[in-house]
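>>> kindly generate the corresponding structure for this input.
(chains A and B)
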Amino acid sequence: MIRAVRGVHDILPAEAAKWERVEGTARRVFEAYGYEEIRLPVFERTELFARGIGEVTDIVQKEMYTFLDRAGEAVTLRPEATASLLRAYIEHGLHVHPKPVRLYTMGPMFRYERPQAGRYRQFHQLNVEALGDDHPALDAQVIGMLVEFFRALELAGRLQLQLNSLGDAKCRPVYRERLLEYLRAHAAALCAECRDRMERNPLRVLDCKTPACRPVLDAAPSVQEALCDDCRRHFADVREYLDAMAIPYVLNDRLVRGLDYYVRTTFELTTAELGAQNAVAGGGRYDGLIELLGGPPDPGIGFAIGIERVVLLLPPPAEGREGRKPFAFLIPLGAPALRALLPVATAARASAVTVELGYGDRKLRSELERANRLGAAWAVIVGETELARGEAVLRDMASGAQHTVALPELARELARRFEVERSRS
RNA sequence: GUGAGCGUAGCUCAAUUGGUCAGAGCACUGGACUGUGGCUCCAGGGGUUGAGGGUUCAAUUCCCUUCGCUCACCCCA
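Numbers count the residues shown, from 1 in each chain, chains lettered A, B, ... in the order given. Modelled structure (predicted):
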């Protein structure tokens, strides 16, 4: 048997219903906020991600699916969507549109990691980006929209919004130095991994979970104290607007995100229900990134939602038979009856009525049994007698009541009853 | 990349210290019931016990290797 490769997964019909719900909710919410869909390729030149995400990040150093195509060009299956989206923004001159330019996209991402609960090698994200505007009210509304999305799915109560500001190109380097200095002074008390990591990416040391490191790290200088006046004001405004929208959050000055490009506002939605992979969504501001990728000096902010993780939080589908039930099950008895019912089935389906059709080679009993198992509301029986009279028998599967309908009227009759049923529910 | 746990039918799981152990339930198909379902009863199909090797008279069971899955570390969605 050929099996799926490690870390990828099939979304079977029973699960697909949840996915449709998540994606449908996203479209509805995002579009209400003025976001438009953009569809992007799933692979790009490797260079785009190396530059956009940051050479020293885990993603670029060890998680990318990179290969040479037949022309010898290095390409990579996208590990995240922002770099691709910004590339498209620059390439197609989308910055000429009124700012902020608001875009969303969804689809598969690829990271070469060991799979575990809520973590896959091919996983799916919903991505939102607002480009060309750095007003703190935009930050607050982007976060507000993210929260609104989870409210619409009735999941907001099980999530916690964590918020931080990382400073900008001016003040972050200063903080970095100050932190590094502190870490060096206390290196002896830190675990081997922290000591190894602090030179490469000192901010990341802050969320080390080794208990022995905690006292030292908890006493480390906070980014908050190091923010320059502009960043401090920006962050204060963001918080004020969130308060105005009554969006609760937790300040977490140890929240450091894994992609290098984040500045100022960063945030994460976490849950206690998914084991170790507790982030359901995350994002932040990335002023400077568009310019770094060769575009105009436009600021930007965005977030990504992990669809698998959202789906894991969603309640299981309702009881009973899963999947779609046919409205009617057509039972021909014999080949002539089958020939008579084939066009009826086609006509009914053309009116969006889901019907299923037997082959006429089984006993009525077993076909009715099948109609019952499929959950059909109606069974339509056409045997030799009915055919001779040009009629069909309609059987109400719930009550067992039956009546006859002229064959030429059958498709219309089914469509009519389908409408009645639908308007009632 | 590191560590731990687990691999028996499509699914959920049984099978004393190695000794009819290759099974049950669900699902599927058929029959009881010649053209009238839901309940019940009966029958059937379907497994190289993840794979390979070893120990033994005998391995689903013990040992080794390997593959896979799961969880955790790391990191993140």
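
>>> from here on, contacts and neighbour counts on C-alpha atoms
Noted.

>>> for A:Gly282, grab phi and psi.
Per-residue torsions, A:Gly282: phi -160, psi 160 (degrees, to the nearest 10).

>>> grab the most central residue of chain A for me.
The centroid of chain A falls nearest to A:Ile307 when counting by CA atoms, centre = their mean (3.2 Å).

>>> list the contacts for that residue?
For A:Ile307, the contact set (CA atoms under 8 Å, 6 or more residues apart in numbering) comprises A:Trp19, A:Val22, A:Phe123, A:His124, A:Gln125, A:Leu126.

>>> so which of the residues you listed is the closest to RNA strand B?
A:Phe123 (5.0 Å; CA to the nearest atom of the strand).

>>> same for the worst-scoring helix or strand of chain A on mean pLDDT, what does it pack against?
Ranked by mean pLDDT, DSSP states H and E, the weakest helix or strand in chain A is helix A:192-200, scoring a mean of 72. With contacts taken as 3 or more CA pairs under 8 Å, 6 or more residues apart in numbering; DSSP states H and E, helix A:192-200 sits against helix A:171-185, helix A:202-205.

>>> what's the most buried one of these?
helix A:202-205 (a mean of 20; mean count of other CA atoms under 10 Å).

>>> the helix or strand just after that one close to RNA strand B?
Scanning forward in sequence from helix A:202-205 by DSSP states H and E, the next helix or strand is helix A:214-218. No. Interface with RNA strand B: helix A:214-218 contributes nothing (CA under 7 Å from any atom of the strand), its closest point being 11.6 Å away.

>>> run the chain-centre distance for helix A:214-218.
Taking the mean of its C-alpha atoms, helix A:214-218 sits 35 Å from the chain's own mean (CA atoms, centre = their mean, to the nearest Å).

>>> contacts for the very next helix or strand once past that helix, please.
Downstream of helix A:214-218, the next assigned helix or strand under DSSP H and E is helix A:223-226. Here helix A:223-226 makes contact (CA under 8 Å, 6+ apart) with A:Ser165, A:Leu166, A:Gly167, A:Cys171, A:Arg172, A:Val174, A:Tyr175, A:Arg232, A:Asp253.

>>> of the contacts of A:Ile307, which belong to helices?
A:Trp19, A:Val22 (DSSP state H).

>>> and RNA strand B, which of the contacts of A:Ile307 contact it?
Among the contacts of A:Ile307, RNA strand B is touched by A:Phe123, A:His124, A:Gln125 when using CA under 7 Å from any atom of the strand.

>>> okay if I get these as a markdown table plus pLDDT and distance to A:Val29?
Output for those, formatted as a markdown table (pLDDT from 0 to 100; distance: CA to CA, whole Å):
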| residue | pLDDT | distance to A:Val29 |
| --- | --- | --- |
| A:Phe123 | 94 | 22 |
| A:His124 | 95 | 18 |
| A:Gln125 | 96 | 16 |
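
>>> is it true that A:Pro108 lies in a helix?
No. A:Pro108 is assigned strand when assessed by DSSP: H, G, I helix; E, B strand; the rest coil, not a helix.

>>> so which bits of the stretch 1-150 of chain A are right by RNA strand B?
The stretch 1-150 of chain A comes close to RNA strand B at residues A:4-7, A:57-59, A:111, A:113-121, A:123-125, as judged by CA under 7 Å from any atom of the strand.

>>> can I have the buried ones of those as a ChimeraX selection?
Here is the ChimeraX command that picks out the buried ones among these, judged by 16 or more other CA atoms under 10 Å:
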select /A:7,57,59,111,113,118,119,120,121,123,124,125
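
>>> out of the residues of the stretch 1-150 of chain A next to RNA strand B, which are inside strands?
A:Phe123, A:His124, A:Gln125 (DSSP state E).

>>> my guess is A:Glu44 meets A:Glu73, correct?
No. If you go by CA atoms under 8 Å, A:Glu44 and A:Glu73 don't touch, sitting 10.3 Å apart.

>>> higher neighbour count, those two?
Under the neighbour definition other CA atoms under 10 Å, A:Glu44 and A:Glu73 were set side by side, and A:Glu44 has more, 18 against 11.

>>> helix or strand: which one has A:Val310?
helix A:307-313.

>>> tell me which residues in that helix are buried?
Neighbour-count burial for helix A:307-313 flags A:Ile307, A:Glu308, A:Arg309, A:Val310, A:Val311, A:Leu313 (criterion: 16+ other CA under 10 Å).
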